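**Student:** no sequence on this one, just coordinates:
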């Protein structure tokens, strides 16, 4: 779950801000990769994957809590949450699932290695499998959200 340690931002110069942004981005990247690893270690899907329902619910809770402390902390928590979501989506988009950008990179690498284009029928099948995978992930994450909300 998302947690902000303080409600105030630290005053930093331009270069310190860049360094802090890069550091926090890599920290978020590491947390996202650890979360993905948990998926493959057998953890229950509803505990490992948040779908759109839980994402909206948690976002609302974080933003509301931030703004209870004032406009500054509210904006700070909101921007930190948006950064977390943005980095996580970027990582997930680079997974080698066929319909995502990572899957397109895999196709490009295969074409480069073979030194010729892949047959359109093969690309179609590859994309179809990717669509099914993404569809299953969406169903599982939404089902996990509903189970999580009913357990509250």
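**Tutor:** Right, received. Where do you want to start? In this text, all values refer to a predicted model and were calculated from it rather than measured experimentally.
**Student:** Roughly how far does the residue nearest in space to the middle of the chain sit from residue 68?
**Tutor:** With the centre of the chain defined as its mean C-alpha position, the nearest residue by C-alpha atoms, centre = their mean is residue 88, 2.7 Å away. Distance, residue 88 to residue 68, using C-beta to C-beta, to the nearest Å: 25 Å. C-beta: built from backbone N, CA, C; applies to glycine.
**Student:** Same check on residue 23?
**Tutor:** 28 Å.
**Student:** for residue 85, same thing?
**Tutor:** The gap separating residue 85 from residue 68 is 21 Å, by C-beta to C-beta.
**Student:** For stretch 91-111, buried residues please.
**Tutor:** 91, 92, 97, 98, 99, 100, 102, 103, 106, 107 (16 or more other C-beta atoms under 10 Å).
**Student:** pretty sure the fifth one is touching residue 132, no?
**Tutor:** Right, the one you point to is residue 99. No - applying C-beta atoms under 8 Å as the test, residue 99 and residue 132 come out as separate, 9.4 Å apart.
**Student:** thinking again about what came up before, residue 85 and residue 68: which has the busier surroundings?
**Tutor:** residue 85 (14 against 10; other C-beta atoms under 10 Å).
**Student:** Helices of this protein, start to end?
**Tutor:** Secondary structure of the chain (DSSP state H): helices at 14-40, 45-48, 52-68, 71-93, 101-114, 120-151.
**Student:** can I get those in TSV with mean pLDDT?
**Tutor:** Rendered in TSV, the data for the helices of the chain read as follows (pLDDT from 0 to 100):
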stretch	mean pLDDT
helix 14-40	84
helix 45-48	60
helix 52-68	84
helix 71-93	85
helix 101-114	92
helix 120-151	86
